[in-house]
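> whatever this is, show me its structure:
(one chain, ligands or ions: 1)
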Amino acid sequence: TILVLDFGSQYSHLITRRLREFNVYTEMLPCTQKISELSWKPKGIILSGGPYSVYEEGSPHVDHAIFDLGVPILGICYGMQELAWINGKGVARGEKREYGPATLDVQDQSCPLFKDVDHSQVWMSHGDKLSALPTGFTTVATSDNSPFAAIAHKTEKIYGIQFHPEVTHTAKGNLLLRNFAVDICKANQNWTMANFIDTEISRIRTLVGPTAEVIGAVSGGVDSTVAAKLLSIAIGERFHAIYVDNGVMRKNETETVHKTLTEGLGINLTVVDASEEFLGKLKGVTDPEKKRKIIGNTFIEVFERQAALIQPKSGEEIEFLLQGTLYPDVIESISFKGPSHTIKTHHNVGGLLDDMKLKLIEPLRELFKDEVRALGEIMEIPHDLVWRHPFPGPGLAIRVLGEVTPAQVKIAREADFIFIEEIKKAGLYREISQAFAALLPVKSVGVMGDQRTYEQVIALRAIETTDFMTADWFVFEASFLKRVASRIVNEVDGVARVTYDITSKPPATVEWE
Ligand code: XMP
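Here you go, the predicted structure:
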């Protein structure tokens, strides 16, 4: 395992990502991690970049014990300045920020970090830079603006680089990271998904022990299904999955989830139909944030009520709560002030932890979304489920704009179903990151047969994105949109008009509410 100590750079998680791409397992911890508190010994350490200046008061610093481990160390950007700071100053405030491409000139061809990396383009993004060599180091590479683009210790395997090898704009960044992890640190290249399943299952068994029981919510999405399947393999019936029908689910959702998880995957699942309770509380509410709160709180109430009905065989109380938290959720909450495992407010089950005195199990907390999907494929979770678009916790309630009534939900549900069905038929589902229909609280005039109609408007939305922070609308062929619009107006009662949303995020968001 390679340890990445995170100083808060926006690129930190990419370091982990790149190393895993060549099957080296990597863990990222906050930069203030005490080495004496680590339960394992890393084969190498990477200090990430970060937005601070090493000489400023209050800026984060690494535990000096990293130098006593005798393992190779690579400092990237802030990480390199930190190495220089510890080994005798030499950090200057950059006169101007350097941001963008630079060409690397490798001076010392014998440096193993730069094997096959010479004269390639690298990506710079920094304010400070070295003004002199720290004690014991030599210059390995330069660039036009950075006389110390890379440095290495004369006797120890300690390296510093000013540029970011983890971003794709650094042409040979992957190679450099591989040189470090595999050649210099001698890290094993045995991180695979199949491997992960075995390790995780035995970890869960040890954690839970021979009698304790675990409860967890499933939503029909890939994360909670994969997490539930892992638990089910590890402890069988001692894992209790609960699915709450909140009345604002997609068409056929509850039946499909029930069938897939129980018959298909053998998960011990209870389906709770709480539609009336949710819809009752949503009556008259139009404010999107209020809708979210009501759904989140009601979910917790229903889940807790159901949990109380479970009688563990051991006679003890339920001890653990399963959460499908992914790596990006975890790293979002790591900062140099220490890790705080806060769950995104938009995570439906966040509030459960405070109320129920349960310990957390998060089997996916080290994985990225595409790794979870790979895991799902290996565990033979149906393809359709593994590749499903994300669906918000508040469901159709935030896609029915304005008041959520059963009649309005029905219209949104039917329209959404047709849109997704056509997308799948056209073979476009996997090209699109998320697609749905929103029902607008606007009436518009139409004409059907000889009759004048006055009904609502459906807005279709389909986006492409990698991280959901920014997104672009998907370009459909006109004939596709024509077909969908005609089907929706003809088949869904209450819709007179269909529009397609052509706004990117930003300035718009993905959802309409
Ligand atoms: P926005 O609309 O914020 O959406 O651009 C970004 C992604 O987040 C999803 N989303 C939610 N998911 N609860 C959720 O679980 C919510 O309240 C919520 N709001 C938005 C949205 O579907 C998209 O994938």
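> what residues does the stretch 151-300 of the chain put near the ligand?
Within the stretch 151-300 of the chain, the positions near the ligand by CB under 6 Å from any ligand atom are residue 292. Using the backbone N, CA and C atoms, a C-beta is placed for each residue, glycine as well.
> so where do the helices sit in the stretch 151-300 of the chain?
173-178, 193-208, 222-235, 253-258, 275-282, 288-309 (DSSP state H, counting those that start in this stretch).
> spatially central, which residue of the protein would that be?
Geometric centre of the chain, nearest residue: residue 328, 3.6 Å, by CA atoms, centre = their mean.
> tell me the secondary structure for that one?
Recorded secondary structure, residue 328: helix (DSSP: H, G, I helix; E, B strand; the rest coil).
> contacting residues for it?
Applying CB atoms under 8 Å, 6 or more residues apart in numbering to residue 328 gives the contacts 13, 368-369.
> check what pLDDT the closest residue to the ligand within the stretch 101-250 of the chain gets.
Closest approach of the stretch 101-250 of the chain to the ligand (CB to the nearest ligand atom) occurs at residue 219, with a separation of 8.7 Å. What the model reports for residue 219 is a pLDDT of 95.
> same question for residue 327.
On the pLDDT scale, residue 327 gets 79.
> who touches the residue nearest to residue 41 when sequence neighbours are not counted in this structure?
If the residues on either side of it in the chain are set aside, residue 41 comes closest to residue 69, at 6.7 Å by CB to CB, 6 or more residues apart in numbering. By CB under 8 Å, 6+ apart, residue 69 lies in contact with 35, 41-42, 45.
> now for those, which pair is the farthest apart?
Farthest-apart pair in those is 41 and 45; separation 10.5 Å (CB to CB).
> higher neighbour count, the two?
Using other CB atoms under 10 Å, the more surrounded residue of residue 41 and residue 45 is residue 45, with 22 against 11.
> just list whatever residues bridge to the more buried one.
Per DSSP bridges, the residues bridged to residue 45 are residue 3, residue 73.
> quick check, it in contact with residue 66.
Yes - when contacts are counted by CB atoms under 8 Å, residue 45 is listed as touching residue 66 (5.5 Å).
> list residues touching both of these two?
The contact lists of residue 45 and residue 66 share 5, 73, where a contact means CB under 8 Å, 6+ apart.
> what about this protein, any weak spots by pLDDT?
89-90, 94-96, 330-356 (pLDDT under 70).
> near the ligand, which residues of it are found?
Residues of the chain lying near the ligand (CB under 6 Å from any ligand atom): 292, 346, 390, 392-394, 434, 468, 505, 509-511.
> ok, residue 314 - contacts?
Neighbours of residue 314 in contact, by CB under 8 Å, 6+ apart: 211-213.
> top of these by neighbour count?
In terms of neighbours by other CB under 10 Å, these top out with residue 213 at 20 neighbours.
> thinking again about what came up before, go through the contacts of residue 69 and name the one nearest residue 279.
residue 42 (52.1 Å).
> tell me if the closest one really is in a helix.
No - counting by three-state DSSP, residue 42 falls outside a helix, being coil.
> isn't it right next to residue 19, touching?
No - here residue 42 lies out of contact with residue 19, judged by CB under 8 Å, at a distance of 11.8 Å.
> more neighbours: which of those two?
Neighbour totals were compared for residue 42 and residue 19, and residue 19 leads with 27 against 23 (other CB under 10 Å).
> now residue 156: how far from residue 85?
17 Å (CB to CB, to the nearest Å).
> quick one, which of the two is more surrounded?
Neighbours of residue 156 and residue 85, each counted by other CB under 10 Å, are more numerous for residue 85; the result is 21 against 13.
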